[in-house]
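# quick one, fold the following:
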Amino acid sequence: MKPASVASQSVSQAIPLYSNGMRIGLLGGSFNPPHEAHRAISLFAIKRLKLDRVWWLVTPGNPLKSNGALNDLDTRMDAARKMADDPRIDISCLEAVIGVRYTVDTISYLRRRASGLRFVWIMGADNLAQFHRWQNWRRIASEVPIAVIDRPPQSFRALAAPAAQALARYRLPENQAARLADQHAPAWAFLTGMKSSLSSTGLRNPDGSWKAKK
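As a prediction, the model looks like this:
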């Protein structure tokens, strides 16, 4: 059965099924388009962080980027479902349903709505490099543990960035990453070993359309 369109979804449909006590990774993005690195990062995080699930939060648009070439949300949701292709990865349009644009509001909402879950926010090193530009980034760090996935060649730039420096004393050693979901925020870990350089930007044509798969 085809999932309900974003416009007709309720909050109960937009939040994936869960049981209290689950360890849930949150991977937010425009997924324009979704690609193999999104899937690989999710499976890598499940293994390294001992997560039960990863939720892909497909955003209406990124406040830090131009959204003029953004494909419609239903198209990106459908493509994300096909790309994920794993029962441990769930696809959600929660931000569109509850009407928020910023990660801080999404996390606050989920912590209220699903207080029995242990969330970890997952981001690539490229996002850590600009994390200090995110709306209320310090509050995000104080509300949920963060797993940063190394994305060469961003490693050194990311770890030298303002947010990484400000949060340095809360960083867990990488060999303790499996404990991250159990930590009180702020807490974060930098995970190495994921070497994919794929990006959604590189998979788009100049007009915003998605490049055909070879």
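# for Ile140, what are its contacts?
103-104, 107, 121, 134, 146 (C-beta atoms under 8 Å, 6 or more residues apart in numbering). (Each C-beta comes from the backbone N, C-alpha and C, glycine too.)
# distance of it relative to Ser108?
9 Å (C-beta to C-beta, to the nearest Å).
# and if you look at Asp182?
From Asp182 across to Ser108, the span is 20 Å (C-beta to C-beta).
# give me the more crowded residue out of the two.
A count of neighbours by other C-beta atoms under 10 Å puts Ser108 above the other of Asp182 and Ser108, at 17 against 12.
# element containing that one, please.
Per DSSP states H and E, Ser108 falls inside helix 103-113.
# other SSEs contacting that helix?
For helix 103-113, the contact count by 3 or more C-beta pairs under 8 Å, 6 or more residues apart in numbering; DSSP states H and E identifies strand 23-29, helix 94-98, strand 118-124, helix 137-143 as packing neighbours.
# the helix or strand of the chain with the lowest mean pLDDT: which residues count as buried?
The weakest-scoring helix or strand in the chain, judged by mean pLDDT, DSSP states H and E, is helix 11-14 (a mean of 84). Within helix 11-14, the residues scored as buried using 16 or more other C-beta atoms under 10 Å are Ala14.
# with just CA atoms, put that helix into PDB.
Provided in PDB are the C-alpha atoms of helix 11-14 (Å, rounded to 0.1, in the frame of the first residue of the first chain):
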ATOM      1  CA  VAL A  11       1.600  13.100  13.600                       C
ATOM      2  CA  SER A  12       1.000   9.400  14.500                       C
ATOM      3  CA  GLN A  13       1.700   8.500  10.900                       C
ATOM      4  CA  ALA A  14       4.800  10.700  10.700                       C
END
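# and the strands in the protein, which stretches?
23-29, 53-58, 89-92, 118-124, 146-149, 188-191 (DSSP state E).
# how many degrees apart are the first one and strand 118-124 in direction?
Here strand 23-29 runs at 40 degrees with respect to strand 118-124, directions being taken by axes from the mean of the first three to the mean of the last three C-alpha atoms, to 10 degrees.
# name every strand pairing with strand 23-29 and say which way it goes.
strand 53-58 (parallel), strand 118-124 (parallel) (DSSP bridges).
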